[in-house]
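Colleague: Sequence and predicted model, in that order:
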Amino acid sequence: MKWHHSLYWRIAVGFVTCLALLLLVQAMLFVWVVSRSSSIPNQPPDRFARTVALDASQALERDPALDLAQYLRQEYGRDSQPFFVLMRDGSSVEINGAFPDSLVHEARERFEGLLRSRPFDSRNADAQGRPFDGRNPDAQGRPFDGRNPDAQGRPFDGRNPDAQGRPFRRNFPVPDGTYLQGRPFDRGGFGRGGPRPFRPALIRAHDEIVALVVVPPAPPFMFLLGRYAPTLGLVALATLVVGAILAAAVIFGPARKRLRSVEDAARRLGAGDLNARAPTKGRDEVAAVATAFNAMADDLATRADALSAADRARRQLLADVSHELTTPVTAMRGYLDTLRMPELDLDDATRARYLGIISDETGRLERIIGDLLELARLEGGGGTLNVDDVPIQELFDRVTARHGRLAEEAGVTIRTAIASDTTHVRGDRDRLEQALQNLAANALRYAPSGSAITLDARSEGDFVVLSVADEGPGIPSEHLPHVFDRFFKADASRAFGQATGGSGLGLSIVKAIVERHGGNVSVDSAPGRTVFRLKFRMHHITPAPAAASL
């Protein structure tokens, strides 16, 4: 799964998008609120003071009877920076905030000193009655513009002392040109120890000082926070709610729907519906979970089918075992009941024949029981394999020796063929011989007179292949998949007069022995030739895992 297909990536992108939308909406709202304001709330304090002073001065020029306090509250009482105004009569007007008494008291003292001082501005005339505005010459006829020396010959540049010997740089200019003696407003506020520098502005009307505007240099952030925090908070809350709804609908909604489908499939599977599957649409984590769930469901369905097949096989095995055991037992019971009948006068020959039949059926019953126990032991992993390099010629000689007399009586020849590069097979000597003996007995049972049974050994890559071939009528193709099943018989197609019939467990035992050695067994059959092939690894054995015995 690629990183951009991840559900977590989609959640992260959605979160960042919602956050960006929130910031954008808040910024647009703030710009709109500021544009609706009558003043710019975050301009510098001294500039805002001059703006208020100029606006009030113009209003008083237009209407001398104007109530200045009411005008200021009306114009700046809603969305301006906090400031206060000291009136000439000693009263004060506080706009948008409360201010420390010390600050108001010191401002009032300076304002009273300003009112008592002689204004030093362009509206007062000099000794000759001319306005002292820097363009009239001094006593020597030079323009008094700050570059000419004073009476002592020092440049009048603000660094020399005034008539009282105080440096001009210790005096402070008021924004409209009035020059006050004392500590500068722009160093430490209203005197030493002030919080931050600021400059007041004078409100004038008809050449008279009416009031002093003071804008404290407090950071505008606190004012903006108190003024706009409720509105911006409501907008942020609304944006978060809308963003959460959109995120739930766009990001989490589809994922929740798909997770619910996985949950429903899990519930149906738990209820026994082995066909329940979750949709695997998409390429994110939910799709990966659905894919894993479907794989688990497929595995469970396969296991359920295998268990069902095993259960059917078990039932069939029980039926087959019951049938196979019932046949000899029934025959034995019948002959025994006959021998016990007192009214029958049996001659010795008949009695001996009956007892022989009972003996044969007893032996058959023992063989069936022995084969069943042997097969259960092999398939259940019982016993151990004594693995060794077994000479193939020795195995074939023992098979020939055991079945030689029966083959001669049936007119069948047993041949052997061993490739020069295949002399040994690795495995358990007794078990390998047992498998070959069963195949030879099966071949001899169906081989016609005058035919041959061939025991062959050759190598195929890393494998040793032992085969037993006969020239019988062959096995029908529809029977080939079942020849290794318990109690399966194809006698109807392969039986001859000399066939004795078996228990139907011989080939099942052969398959179990070969698989315990880690090999496999197969059969090819056609009319006139049937070949059973046992395939083993040449150098080592990988025993198959043990299965539960039935």
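Modeller: Yep, that arrived.

Colleague: Spatially central residue in this structure, please.
Modeller: By CA atoms, centre = their mean, the mean C-alpha position of the chain lies nearest to residue 285, the distance being 4.3 Å.

Colleague: From residue 15, how far out is that residue?
Modeller: In this view, residue 285 and residue 15 are 17 Å apart by CB to CB, to the nearest Å. Every C-beta, even on glycine, is put in place using the N, C-alpha and C of the backbone.

Colleague: and residue 65, which of the three is it?
Modeller: The assignment at residue 65 comes out as coil when based on DSSP: H, G, I helix; E, B strand; the rest coil.

Colleague: Counting neighbours, what do you get for it?
Modeller: By the criterion of other CB atoms under 10 Å, residue 65 has 5 neighbours.

Colleague: Kindly report the same for residue 433.
Modeller: By other CB under 10 Å, 19 other residues sit near residue 433.

Colleague: Quick check on it: phi, psi?
Modeller: phi -60, psi -40 (degrees, to the nearest 10).

Colleague: what's the distance between it and residue 530?
Modeller: In terms of CB to CB, residue 433 sits 21 Å off from residue 530.

Colleague: And for residue 424, the neighbour number?
Modeller: Residue 424 is flanked by 16 other residues according to other CB under 10 Å.

Colleague: swap in residue 361?
Modeller: So residue 361, with other CB under 10 Å, has 19 neighbours.

Colleague: got the contact list for the residue lying closest to it once chain neighbours are set aside?
Modeller: Counting by CB to CB, 6 or more residues apart in numbering, residue 361 lies nearest to residue 328, which is 3.9 Å off, once chain neighbours are set aside. Counting by CB atoms under 8 Å, 6 or more residues apart in numbering, residue 328 touches 361, 362, 364, 365, 368.

Colleague: Just the element for the nearest residue to the second one once chain neighbours are set aside, please.
Modeller: Counting by CB to CB, 6+ apart, residue 332 is the residue found nearest to residue 362 once chain neighbours are left out, at 6.6 Å. Assigned by DSSP states H and E, residue 332 belongs to helix 285-340.

Colleague: that older thread, tell me the pLDDT at the residue nearest to the centre of the chain?
Modeller: Each residue has a pLDDT score; the one for residue 285 is 76.

Colleague: quick one: it from residue 279, how far?
Modeller: Taken as CB to CB, the spacing of residue 285 relative to residue 279 amounts to 14 Å.

Colleague: and residue 384, that's in a helix?
Modeller: No: per three-state DSSP, residue 384 lies outside any helix segment and is coil.

Colleague: Tell me how many other residues surround it.
Modeller: For residue 384, using other CB under 10 Å, the count is 8.

Colleague: Mind pulling up the pLDDT for it?
Modeller: So residue 384 comes in at 75 (pLDDT).

Colleague: Then residue 37?
Modeller: 53.

Colleague: And residue 488, by the same measure?
Modeller: Confidence score, pLDDT, at residue 488: 70.

Colleague: Assign it to helix, strand or coil.
Modeller: Secondary structure, three-state DSSP: residue 488 is coil.

Colleague: returning to what we had before: which members of the contacts of residue 328 are classed as buried?
Modeller: 361, 364, 365, 368 (16 or more other CB atoms under 10 Å).

Colleague: and which of those is nearest to residue 59?
Modeller: Nearest to residue 59 among those, counting by CB to CB, is residue 368 at 125.6 Å.

Colleague: Counting neighbours, which bits of whichever strand or helix holds that closest one end up buried?
Modeller: Element membership for residue 368 (DSSP H and E) is helix 348-379. Of all the residues in helix 348-379, those buried under the rule 16+ other CB under 10 Å are 354, 358, 361, 364, 365, 368, 371, 372, 374, 375, 378, 379.

Colleague: which of the residues in stretch 409-425 are buried?
Modeller: For stretch 409-425, by 16+ other CB under 10 Å, it's 410, 412, 414, 416, 418, 422, 424, 425.

Colleague: which residues touch the fifth one?
Modeller: Put plainly, it is residue 418. 392, 393, 396, 456, 457, 458.

Colleague: quick check, nearest of those residues to residue 74?
Modeller: residue 458 (116.2 Å).

Colleague: What's the per-residue pLDDT of the closest residue to that closest one other than its chain neighbours here?
Modeller: Distances taken as CB to CB, 6+ apart place residue 419 nearest to residue 458, at 4.2 Å, with adjacent residues excluded. You'll see residue 419 listed with a pLDDT of 91.

Colleague: I'd say residue 419 and residue 459 touch.
Modeller: Yes: under the criterion of CB atoms under 8 Å, residue 419 makes contact with residue 459 at 6.3 Å.

Colleague: returning to that earlier point: pLDDT for the buried ones among the contacts of residue 328 - can I get that in JSON lines?
Modeller: Shown next, in JSON lines, are those (pLDDT from 0 to 100):
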{"residue": "361", "pLDDT": "81"}
{"residue": "364", "pLDDT": "75"}
{"residue": "365", "pLDDT": "81"}
{"residue": "368", "pLDDT": "76"}
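
Colleague: which pair in those spans the largest distance?
Modeller: The most widely separated members of the buried ones among the contacts of residue 328, counting by CB to CB, are 361 and 368 (10.4 Å).

Colleague: What are the structural domain limits within the protein?
Modeller: Annotated domains of the chain cover 3-36+224-266, 45-218, 303-379, 384-537 [automatic domain parsing].

Colleague: looking at these, which is buried most?
Modeller: Each of the domains of the chain was assessed for mean neighbour count using mean count of other CB atoms under 10 Å. The highest is domain 384-537, with a mean of 18.

Colleague: about what we covered before: so which of the buried ones among the contacts of residue 328 would you say is closest to residue 203?
Modeller: Nearest to residue 203 among the buried ones among the contacts of residue 328, counting by CB to CB, is residue 368 at 126.7 Å.
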